[in-house]
Every structure is written in C-alpha cells, then in structure tokens.
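# Provided below for reference: sequence and predicted model.
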Amino acid sequence: MGIFKRPIDQVRSTHLSSYGNHLKKQKFHLWLQRIFRYCTVAAALGALVFLFVVIMTAMNLPDVDTMGTIVPNETTKVYAADGTILAELHEEENREVVPISQISDFVKAAVIATEDTNFYRHNGLDFGGLFRSVFVNVLRGEKMQGGSTITMQLARGIYLNKKKKLLRKIAEMILALQIERKYTKEEILEFYLNQVYWGHNAYGIESAANMYFDKSAAELNLPEAATLIGLLRGPELYSPFYRPQRTRWRRDIVLRRLFTLSLITEEEFYQARETPIFLAPRRTLKYKHPYFTSYVVKQLEDMYGKDVVYKDGLRIYTTLDVDLQKKAEDAIEYYMMEASRPHWIKGREV
C-alpha cells in the first residue's frame with residue numbers, strides 16, 4: 001500500500017491547487033464586475049450632474065437675439081471744414097464700427113487662419129480644438145486655454161467675463177451654438193472684428209488700423225493685416241510701440257500660417273516677411289487747434305451730455321478753416337512773445 005501513497009497525495013495536491021486558482025479567477029472576475037458597475041453608476045451620475053449644470057447655465061444666459069441691437073461704445077469725431085479730424089472723443093474704448101465690406105480681405109483671411117481655421121465649417125464649436133484644450137487643462141493640470149472658436153470668443157467678449165473657468169467655458173459653448181443659429185458667418189466675423197481689443201485703448205479693426213498705420217481697415221495690406229492679427233493673443237505683450245521684435249515675430253507666425261494653408265503664395269509670404277513695419281506717429285496732442293476744439297467740445301457736452309458725446313460715435317462737422325486758424329494762432333503766439341520781452345522807451349527798460 002505504501003507504493004500508492006505518494007501518487008495519491010500528488011493528485012490531491014494538484015486538484016487543490018487547481019481549485020484554488022479557479023477560486024482566485026472567480027474572485028478577480030467578481031472584482032472586475034463590481035468595478036465596472038461602480039464606474040457605470042459614477043459615469044451615469046456624472047452625466048446627470050453635467051446635464052443639470054448645462055441646463056442651469058443655459059437658463060441664466062442672455063438672449064443672443066439682442067446681439068444685433070447692441071451698440072458698442074464708439075468714438076465721436078470732430079472735423080474741420082476740409083475734413084481734417086480735430087478731435088476723437090471717447091472714454092476707455094476708442095472704437096469706430098465698420099461693415100465687413102469695409103475690412104481688408106487680408107484681415108479676414110489672417111484672423112480665420114490664426115484664430116479659427118474651421119470657422120466656415122463648424123457650427124460654433126471646434127471639437128478638435130476643444131479636445132486639445134482638455135488635454136492641456138486636465139492631463140497637464142494647467143489653466144483653461146485654447147479651443148475657443150471665433151464665435152466663442154465673441155460670446156465671451158460681449159456677454160461673459162474673461163476669467164478662465166469651466167462654467168464660463170460651458171456658457172461660451174452654449175452661446176456660440178445659439179449665435180451660429182441666429183447669425184450668418186459674415187455677421188459673426190463683422191461683430192468680432194469690431195469688438196476685439198487691439199491695445200492702447202483701440203477697440204475694433206478700424207481704430208486699430210488708424211492708430212497703428214494711419215489707414216482705414218479697407219486699406220490694410222498683407223503685412224499690416226498680419227501684424228494686427230498677431231496682436232490679438234496679447235495686445236500689450238506684442239505692442240509694436242514698445243516691443244517691435246515681438247511684434248515682428250508674431251506677424252511672421254501669422255504669415256507662415258497663411259502660407260501653410262495656401263491662402264497666400266510663396267512669393268507673397270517672403271515679400272511680406274521682408275517688409276519692415278512702418279508705424280504711424282503716435283498722437284501726443286489731445287486736440288488739434290485746441291482753443292477752437294475745446295470750445296466745440298464744451299458746447300457738445302452742454303447740448304447732449306457727456307455719455308452721448310463720449311460713447312455714441314457722433315460726427316461733428318465744423319466751419320473751421322485750418323489754414324486761417326493756423327495763421328491766427330501763429331499771430332497770437334508771436335504777439336504774446338513780443339509782449340513778454342523788455343521794451344526800451346527813451347533809454348529806459350519798461
């Protein structure tokens with residue numbers, strides 16, 4: 001009998017080992033099932049919470065139907081008889097609103113290429129950009145950034161604050177979808193280009209073109225348009241008045257993007273990149289011909305009130321003859337200087 005004892009023990013040991021492995025596999029599968037159920041419940045609850053947040057956010061958002069009736073603060077201009085601008089009256093926002101037809105095609109191409117390549121193909125949301133934003137913000141633990149279409153940026157600029165929070169991002173997305181259903185792409189682009197900030201109190205493309213290049217928005221060429229669009233990421237950071245090297249670097253990025261998308265030719269790219277940035281002289285005087293202009297501004301404030309004068313974009317045409325006014329001012333200055341000098345009468349200084 002002893003000769004059979006060891007094989008039987010070995011069989012019993014093998015059987016017990018196999019049964020133990022089976023129990024372990026069973027427990028592992030049960031554990032996986034529990035984890036799957038918990039994850040499913042958590043995902044469902046998360047989806048419900050997110051849906052609730054979206055609904056509550058949407059209920060508290062403004063009506064985008066009013067966007068077409070919003071009149072942004074606009075600069076009042078005072079003109080001489082020959083059309084010379086004597087004064088530009090505004091508070092913080094120096095803005096002149098222009099229709100999309102009076103904005104250079106280079107500006108429109110550059111802003112779409114740089115800020116929202118799929119502008120004409122999406123319905124307000126660019127999910128590719130949003131996914132990239134989620135990767136940066138969630139996986140890397142950085143602040144909310146990127147992924148905003150032109151429509152989302154417009155919604156933020158008109159209706160929301162600029163703090164980068166998740167709820168604001170959700171609000172942007174909802175408003176963008178509503179804006180896209182209400183307005184055409186050309187209307188959205190027009191709103192955007194007249195709304196955004198370009199640095200040094202210049203709001204809207206017309207004011208920016210006038211301040212930086214002494215031109216209208218319609219007259220901007222390719223390198224000038226690329227320069228202005230390059231400022232959008234940080235108008236003060238890339239200011240051509242204070243940081244010309246950064247300005248040029250940003251301009252060249254915009255030009256490279258236009259070339260990559262085949263919106264400009266290779267020749268246009270290299271020619272624009274080699275073009276120096278010629279800026280208009282910065283204006284130092286508040287008013288031209290200040291004696292006359294100050295009198296006109298005071299009359300306007302008395303007649304219409306400061307809010308209307310500095311926010312409603314009035315156009316004031318005066319009868320001032322610039323040449324005659326200059327001669328009169330020169331004559332007054334000459335005789336005032338003469339009056340301040342010592343004069344000799346009969347050998348005495350008086």
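Everything's here; your move. Numbering: from 1, shown residues only.

# From here on, just use CA atoms for contacts and neighbour counts.
OK.

# Now do the strands in the stretch 251-350 of the chain.
Using DSSP state E, counting those that start in this stretch, the strands found in the stretch 251-350 of the chain span residues 315-317, 344-345, 348-349.

# Pull out the buried residues from the first one.
Of the residues in strand 315-317, those scored as buried under the neighbour-count criterion (16 or more other C-alpha atoms under 10 Å) are 316-317.

# Just the mean pLDDT for it, thanks.
For strand 315-317, mean pLDDT is 85.

# Kindly report the same for stretch 263-274.
Rounded mean pLDDT across stretch 263-274 is 96.

# Give the buried residues for it.
Buried residues in stretch 263-274, counting neighbours by 16+ other C-alpha under 10 Å, are found at 263-264, 269, 272-273.

# can you list contacts of that stretch?
Residues outside stretch 263-274 that contact it (C-alpha atoms under 8 Å, 6 or more residues apart in numbering): 109, 222-223, 252, 255-256, 258-259.

# dump the residue contacts of the closest residue in space to Tyr197 that isn't next to it in sequence.
In this structure, Tyr197 finds its nearest non-sequential neighbour in Tyr203, 4.6 Å apart by C-alpha to C-alpha, 6 or more residues apart in numbering. Counting by C-alpha under 8 Å, 6+ apart, Tyr203 touches 93-96, 194-197.

# And Glu301, by the same measure?
Glu301 touches Val309, counting by C-alpha under 8 Å, 6+ apart.

# so what pLDDT did it get?
In this model, Glu301 carries a pLDDT of 76.

# check contacts around the spatially most central residue of the chain.
Geometric centre of the chain, nearest residue: Val196, 4.7 Å, by C-alpha atoms, centre = their mean. Val196 makes contacts with 157, 203-205, 232, as judged by C-alpha under 8 Å, 6+ apart.

# Out of those residues, grab the one that's most surrounded.
Tallying neighbours with other C-alpha atoms under 10 Å puts Ile205 at the head of the contacts of Val196, with 30 neighbours.

# quick one: average pLDDT of the helix or strand hosting Glu180?
Taking DSSP states H and E as the definition, Glu180 sits inside helix 166-182. Average pLDDT, helix 166-182: 85.

# buried set for it?
For helix 166-182, by 16+ other C-alpha under 10 Å, it's 168-169, 171-180.

# pLDDT weak spots in this protein?
Scanning the chain for pLDDT under 70 picks out the ranges 1-24, 28, 46-72, 91-93, 129-147, 161-164, 166, 283-286, 291, 336-350.

# quick one, helices of it?
2-59, 105-115, 127-134, 150-159, 166-182, 185-195, 205-213, 222-231, 244-260, 266-273, 290-304, 306-311, 322-340 (DSSP state H).
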